[in-house]
Each structure stands twice: as C-alpha cells, then as structure tokens.
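A.B. asks: Sequence plus the predicted model coming up.
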Amino acid sequence: MNRREALSRVALLMGTSVVGGAAFLEGCNPGDRKSAAAAGLPFSPENISFLDEVAETIIPTTNTPGAKAAKVGAFMNTMVTDCYDEKNQKIFTEGLAKIEESTQKKFNTSFAKATPDQRKELLTAIDKDAKEYNKSKKETDPAHYFSLMKQLTLLGYFSSEIGATQALRYVAVPGRYEGCIPYKKGDKAWAT
Amino acid sequence: MAAQHTNNKKEKNNNRNLIFMPQDKLNLNGDARKAMTYDAIVVGSGISGGWAAKELCEKGLKTLVLERGRDVQHLKDYPTATLDPWQLTHRGNIDPIKRENPVVGRCYAFDEATQHFFVKDHEHPYIQEKPYDWIRGYQVGGKSLIWARQTQRWSKYDFEGPGRDGFAVDWPIRYDDLAPWYSHVEKFAGISGNKDGVDTLPDGEFLPAWEMNCVEKDIQKRIMAAYKDRFVVQGRCAHLTKPNPIHLEQGRQQCQARSLCYRGCPFGAYFSSNSTTLPWAMKTGNLTIRPDSVVHSIIYDEKMGKATGVRVVDSHTKQMTEYYARIIFLNAACLNTNLILLNSTSSRFPNGLGNDHGLLGKYMAFHNYRGTLTATIDGYEDKYYYGRRPTAVMMPNFRNVHKQEMDFLRGYMVHYSAGRGKGVAPEESIGASYKASLTEPGGWNIFMMMQGEHVPEEKDQVRLSTDKKDQWGIPQMVFNIEHSENDLKILKDFLEQGTEMLTQSGCKNIETHDSKQSPGLDIHEMGGVRMGRDPKTSMLNGWNQFHQVSNVMVTDGACMTSTGTQNPSITYMALTARAANRAVEELKKGNI
C-alpha cells in the first residue's frame, strides 16, 4: 500500500466512497474517558446485547455468521467509549432510546421482544430517515445516530475474524502479488 | 570504558552509570578521553545514518552511531508486525492518542499498529510561526521503519534545474557523479522496478517489478497514447521481490505482499536501517550504537580549525557527555540536523557551525502534496487481483523538462493506483441481501496524487528560539515555512491535467481535492544546509563536506539544494555512500 492509500483502504473497508471514508475518520475523533462516563459509557451488558441485536439486524446470520456472533455490540461499546468525542457519544447513546421508542410506537413492543422482521422493517425505515437527513446535512450539523451505528457495525463486522475470514476472504500472508486474475460473480471480496 | 552495543542491554545500562557529569569533562585525561574517542561519529541511525555507518565500518573505521531515541532491534521490537485486524482493540483505525497529538495524528501512517514508532507532539515541542507538521521517528532506525519506500533516481534535469532556472544555487554535482552510487546502494538495499528507458526517471539496478493491475495497465496505455511526452511506469520501491544472494546474506527474505510495512517487517523484506545497514555494520566489529543519546551540538576546535566531537545529552538522565572522532557525519534527519548545527556555536562560529553567511536554516523545502483526484471506471467486473502491493504507478515529471514553458517553475510527479471497492449496489439497506452485497468486490476506484517540486526560497526558514527550550535543555526550533504561489500554480495544473488524463482514460466521477495541508506532512523535509560550489552561497561542497569545517559531513535531507519531484530517500542513500567513501579516502591521504 502506497502512502495516502491508507485512507482509501478504510473507505473500502467501510464500503463507502473515499470521501465518505474521510468523513468517518473525522467523525470518529478519539474522546476521553471522562466524557464517556458522563454519557453513561461504557454500556451495560443489557445495552451491549441491544447493540448486538441492532447490528445483527443490519448484518444477520445467513450462510455465514452475523454481527452478533462477531461481537459487534462489544466492539461498538469500545469504539464509542474510547474513540468518540463527547458530542457523538451523546448522540450514539441517545440513539438506543430512540430505537426503543420507535419500536414501541410502531409495534407496541420492545426492540428486544420484536420479531426479526419487525426489527428489519423498523431499522430500514430509520436508515431511510438517516439518509434523508444526511442529504441536507451541513458539515457542522450533528451526525445521525443510526449512521454512526451502521458505520460501526460494518467496520466492526468486516474487520472481525468472522467477517474477514468467512463473509470475506482474508489472506494474512499472500506471498505474492498478481495484478490481473479472473473474477467470477459470487467470489468474495478481499478483507484487506 | 567498554564499547556499547545495541544488542547488549545489560552493557548499555552499565554504561549509563559511567556517564560523565558536565564538570567531569574538564578532568578528562588521556585515557578517559581515549575511551570516548572513535574514528567516526554518525549522528542519527535512520536511512542515511545507517548507510554512513555501513560504509565507514566496512572501511575499517571504529564508528559510533548516536541515536536520540530508544533501541529498536529488527524482528524483536516489532510488536504488531503479525497481528490480524481483529487483534487490534480499535481495529487499527483510531486511538485516543490521536486527539491529543494533532500533528502526528495527521500522518497517514500513524495508527494503532504503528504509533510506537512515532514521536508524540508533547514529547518534543516546537514553535510554528507558520503551520508546519513535523513528523518524527525517534528510535534506532529512525523513520526508515516507517517510510513509504518509494525509490526513484533523480534525473539530469533535476540536478540542472536550479542552475537553468536561476533559483537557489547550482548543484555542485550532476547525475553522472551520483549514478554509480545509486547503483551501489540499489544493489545492496534491493529495489524493484522495470527498466523503462525514460530519461526523466533513469533506470537502476532493479529486482523484478511489481505488476500493474488490469485497470492501471489500460490507463497507462491510454495516457501514453494521448500524450507523447508523458510516461507511465510501474512504481520502484525498496522491496525484495526476488532476493539476490547479498540480501539473503543480510538475513532478509522475499516480500510477502502483506502491505503492513509500517509495523516493521518480520521478513526484512523492505529496506530499513534495522534490517539491513546496521546489522551489516555491526558484523564488521567496528560499530557501536548508543541509543537514548540526544546530540546537543558539535564541538569545534579553533586551533585545529576542525570539529573534534559532539556533546550528547542522555535522553533519560539529561546528563551531558562528550564523544570525540576524526570525522563526523550528521544524519539526524533534515530538521534536527539544522537544529544541531544552529546550536553548535563557538567564538569562531557564533551563529552556528559554518554559518558565516547566515544561510544555515534557510531555503527550507518540501514536496507539495496538496492535490489528489478520485474517480471510477466502468467495466472490468471480471478482473481482480491477488495480494497487497507496496507501490503504485508513477509518472515522472512532464512539465518544463527541456525548457521553461509553463507559468510556474519546475513540475511534479504523479502517482496513481486502481482498486476494487467492496460492495455492489444493494437491493436493501438492512439485512441478508445487504450483507451479501457487501461481501462482493464493487466497482473500480482510481486514486491519483501529486508530488510537486517546491522551489526553495530564502524566506522559508527555521531558527532557534531565544527563550524556549526542550526537555533536554536544547532551544526549541521555530518554523517559518509555507506553500508559495508557485506551489499553488503547480497544484492547479496537476488537478487540471489529472482530470484531463483520467477523462482520456475513460474514467467517470472524477473529483479533485485540495487537502490544504501544511508543509511537513509530506515528510520530505529538505534544505537548510545546502550543497553548492561557492562557500559564500552554500554550506557544503560537492562531497557533502562543510566548506569551512572539512571533517563534518551532512548527507541527510538538509544537504538538498533543490527537491526534485522524486521520493528523496534513495538519493540520500547514494549521497551518503559517496560522501563516506570520499571521507575515508581523504582521511587516508591526511587531507582531513
């Protein structure tokens, strides 16, 4: 990897454009533990399992294990606690309550008790809202909580051992470089 | 006093107990002084210091390498070298330290897996009268552990530039002076590349080149068909694509295409001082490495008209001691070399060593990295690649090559690469089909960047603070270096030409970006102790030797009269090897 390609590599990992990757890096400046405590971080085991379910809804178990098996909830806890600034810590933690509230409103039940289909319907709607919000969002406007959750879910899952080695293809020591090899539809992307 | 070796911790610690207090040095008698005396002192163990050590030790000189940072031994001290992504708590991307260290935090290579090889902002403060990102690696091996490893020879046009265009001063050497020394260092370091026959980027002693991928090859064809004077070649880099016996003898192995280089290579597959020059020098029995040794200044003896040694502050105890030698190589990396020389005051040189004309610390330069382009290209869905390649495609400078023809001086090199993103257009944005879509490679992205020649100007300067000192009692450095109008014109031309070339190549969604980054983040700091023919207008002669103090040589970035458009390290290596061999000859002849 040449210099400066580090950034595009993060962007590839995120499945976004290079520009989106940069926005992610800037939006995830490291915070400090004091502000984390003020925002109720680190998360309780209940909240971590709530985040596991959110992540599992975004990246479910299919023919490969999903986000819950990859412990994405715990990863989000680490990242929000250690790396987010105070503003994003608050947005993220409040996002949990907002998801819970929306579930109650839509299905008259808790997110924990909602069926996988209900969860998917709900988060699909929230994702749509977040995308709408991001379209008109100015640089200085706060991030949408679900954009943060989704970004961390993708990063956490695809860089986990399960995500990298099962959902994607991971070769720790390639041994050589081949510039032009055939690709068949359905072959998995390289993890790194 | 026993010799100090890098690979003997116990001995090193014992030595620390023997360090002389400042008052002791007055009492140094014959024997004590002898114990502190070497044939040669090399200040700094990075890319150029390692080369100085290797050449001098091979020629039989007892050589002391002084390194301000901690010891880092090849293999043993690369704690993250073999970690998988999931073994890094924050997956490598972010660390709380970044927020507290905005300067080093801006460096592309600084992350969870590499942070132990970078200096944190607070560890060595400096004063920015104009914004400057000073990226440093204080350890045995210096920044040779964390460099980008791209290695292109300068061309005759680069050496002729200042003389032809009337800026800085004429280089005292030409391409032909350095060509054999490029060969010398390339054979030993191991440089991969193609023989392209392009006179703006001369061929060298190459190991097999890395391959371009399908998209890169097609862009190459289209650019070269559209422009007769533009060449597109595969990147040349300091990686062992196919080791020669000399590299195996160094204990190094073939590059495994992992692209985790900045962590230190467990295969020794890229060139670093730690993997290559320092162990080689150590094998001669002539090398002593002393880590944790911050060089304060050079000692100048007025009667002899020569430097006699250096003053060293122990980085932990802060105690000062002196070491002596017949010749001194300054390889502290450009800015610290300037700092040491500015701090080397005497009644003969009250403004810094060899600085009668006040040129020291002036004409500081860098490479202009502000512009990048991103784009996509349709098709190639049935093509992919295997492995992770440590270089990108290069286009040698095509502006003002044979004569001045643009509204700016000099030009720029272009690097580009192509790769497949992850994720095809999803039907859903949540759930199973979304997940599936993310596991397939997406379309092809193209990334293009510039490396522009900054024309050095007198106003680009560093100087010493008169009141602020660092933790070792050495004055802090004050920075006054900025992009020029010429840099902005080069940036504009690159963004226009980049757009045109990518359009010619069939790319879409072409976006131009100006990072507006400060000088320094390029980590190609150069100048301040420039070479030249005339002692009145330069610091060093054509052998990197001080005009006025013939036994002191500067062969790191500080010696650079102009910057060229190439990544500079291989030129520092060649200049160092050439200067070291010359210095040994001169010593033998009794001229130094």
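C.D. replies: Done, it's in. Just so it is clear, the model here is predicted, and its values are computed rather than measured. Numbers count the residues shown, from 1 in each chain, chains lettered A, B, ... in the order given.
A.B. asks: So B:Thr563 sits against B:Asp487, correct?
C.D. replies: No: judged on CB atoms under 8 Å, B:Thr563 makes no contact with B:Asp487 at a distance of 11.1 Å. (Each C-beta comes from the backbone N, C-alpha and C, glycine too.)
A.B. asks: and the two? which has more neighbours close in?
C.D. replies: Remark: of B:Thr563 and B:Asp487, B:Thr563 carries more neighbours, 28 against 22, as counted by other CB atoms under 10 Å in any protein chain shown.
A.B. asks: Specify the local secondary structure of that one.
C.D. replies: Here B:Thr563 is recorded as coil under DSSP: H, G, I helix; E, B strand; the rest coil.
A.B. asks: Is the residue nearest to it when sequence neighbours are not counted bridged to anything, and to what?
C.D. replies: Sequence neighbours aside, B:Ala365 is the residue nearest to B:Thr563 in space, at 4.8 Å (criterion: CB to CB, 6 or more residues apart in numbering or on different chains). Beta-bridge partners of B:Ala365, counted by DSSP bridges, are B:Met526.
A.B. asks: B:Ala365: neighbour count?
C.D. replies: Counted with other CB under 10 Å, B:Ala365 comes out at 26.
A.B. asks: now swap in A:Lys137 and tell me
C.D. replies: 14.
A.B. asks: ok, now which ones touch it?
C.D. replies: A:His144 (CB atoms under 8 Å, 6 or more residues apart in numbering or on different chains).
A.B. asks: next one: the one 5 residues further on
C.D. replies: By CB under 8 Å, 6+ apart, the residues touching A:Pro142 are A:87, A:91.
A.B. asks: switch the cut-off to 10 Å
C.D. replies: Residues in contact with A:Pro142 (CB atoms under 10 Å, 6 or more residues apart in numbering or on different chains) are A:87-88, A:90-91, A:133.
A.B. asks: Relative to chain B, which of those residues is nearest.
C.D. replies: Nearest to chain B among the contacts of A:Pro142 is A:Asn88, at 11.9 Å by CB to the nearest CB.
A.B. asks: Look at that closest one and give its secondary structure.
C.D. replies: Applying three-state DSSP: A:Asn88 is helix.
A.B. asks: Is it in contact with A:Met76, as I believe?
C.D. replies: No: with contact defined as CB atoms under 10 Å, A:Asn88 and A:Met76 do not form a contacting pair (12.0 Å).
A.B. asks: Just want to know which of those two has more residues nearby.
C.D. replies: A:Met76 (26 against 20).
A.B. asks: Name the helix or strand for the more buried one, please.
C.D. replies: helix A:72-83 (DSSP states H and E).
A.B. asks: ok, residue 128 - contacts?
C.D. replies: If you meant another chain, say so; for now it's chain A. A:146, B:429-430.
A.B. asks: nope, chain B
C.D. replies: B:103, B:134, B:477-481, B:518, B:520.
A.B. asks: On the three-state scheme, the closest residue to B:Phe479 other than its chain neighbours is what?
C.D. replies: Closest residue to B:Phe479 in three dimensions, ignoring its sequence neighbours and counting by CB to CB, 6+ apart: B:Tyr132, at 4.0 Å. Classification of B:Tyr132 using three-state DSSP returns coil.
A.B. asks: Torsion angles phi and psi at B:Tyr132?
C.D. replies: phi -150, psi 130 (degrees, to the nearest 10).
A.B. asks: how near is it to B:Thr114?
C.D. replies: 22 Å (CB to CB, to the nearest Å).
A.B. asks: Count the residues that sit near B:Ser192.
C.D. replies: Considering only other CB under 10 Å, B:Ser192 is surrounded by 23 other residues.
A.B. asks: Now do the contacts for it.
C.D. replies: B:149, B:151, B:206-210, B:234-242, B:255, B:390-391.
A.B. asks: before we move on, what about B:Thr241?
C.D. replies: A:176-177, B:190-193, B:206-211, B:254-255, B:257, B:269, B:390.
A.B. asks: Buried subset of the residues you listed, written for ChimeraX?
C.D. replies: In ChimeraX syntax, the buried subset of the contacts of B:Thr241 is picked out as below (16 or more other CB atoms under 10 Å in any protein chain shown):
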select /A:177 /B:190,191,192,193,206,207,209,210,211,254,255,257,269,390
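A.B. asks: A:Arg169 contacts A:Gly163, doesn't it?
C.D. replies: No: at 11.1 Å, A:Arg169 does not count as touching A:Gly163 under the criterion of CB under 10 Å.
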